Every structure is written in C-alpha cells, then in structure tokens.
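> when you get a sec, could you give me coordinates for this:
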Amino acid sequence: MTYLPRIPDDVRLKLGGWFTERHEIWLIEDSGRVVGFAGLSDGWLDHLYVDTDSQSRGAGSMLLEHVKRLQPGGIRLWVFQKNLGARRFYERHAFRLEKMTDGSGNMEHEPDALYVWQPRPA
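Prediction:
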C-alpha cells in the first residue's frame, strides 16, 4: 500500500506487541513459515494480512472463514478505499459496503470504507 505513509522503524518494532495485547491473533503457516494473520477484537476484524507471495492461494479465505466461525453474530471491518483488491476480496466473501469516509477519522487520513458481514438467517 504505497499510498500510506511509511511507519518509522522504531515504531514498527513495537507493533507486534501492540497487536497481541489488543487483539486475538490467528496465524496461517505454509511449510512452517507464517504467511498471513488475522487480528480480531469484539466483532471487528482489525487486521487481515497475507504475504504478497502467498496471495491468491486461499490463505486469506481460510483466515476469513475461521474468523466468521469465531464471530457468528457478524463482523465489521475498515479497509482503505484505494485497496481495491481487498475490497473485491471482502465483497466475494459476502461483506457489504456500509459507508465510505473521507479519512479524517483514521490516523493515516486516507479515505476508507466500512464493510459488514452478517450471517444468513437459517
């Protein structure tokens, strides 16, 4: 996401601890190497990342389906509007666009979109 400001190296070193303190983290591995992770907190998918070399191989879908099982009442997430690949991914997985913002409410000041997944009634 080259449109985002670079996180300073001294801050990047602290992010792992920040994630694990605030989120339930789920990893996906391939041959003992972590290729992706999901960070979940109270009905929110706060992070979903798959290494670029491992994308389009099902890892993101597996993580997302696992998160849906953990949150059967529904999930909300924010995604940057410019991240068209992620937006298409979530839409393929039955997330619907709820609203778009100008980015003034996020720390990156980048326009974003709120997506929601609700399970289908039985």
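> now residue 62. Nearest residue, chain neighbours left out?
residue 28 (6.0 Å; C-beta to C-beta, 6 or more residues apart in numbering). (Glycine included, C-beta is placed from N, CA and C.)
> check which residues of the helix or strand containing the one you found are buried.
Assigned by DSSP states H and E, residue 28 belongs to strand 24-30. Using 16 or more other C-beta atoms under 10 Å as the test for burial, strand 24-30 gives 26, 28.
> pairing partners for the residue nearest to residue 62 in the sheet, please.
residue 36 (DSSP bridges).
> ok, it touching residue 35?
Yes: Residue 28 lies in contact with residue 35 (C-beta atoms under 8 Å); the separation is 5.8 Å.
> how about the closest residue to residue 43 other than its chain neighbours, phi and psi?
Residue nearest to residue 43 in three dimensions, not counting chain neighbours: residue 71, with 5.8 Å by C-beta to C-beta, 6+ apart. Main-chain dihedrals, residue 71, degrees, to the nearest 10: phi -120, psi 70.
> count the neighbours of residue 50 for me.
21 (other C-beta atoms under 10 Å).
> try residue 52
8.
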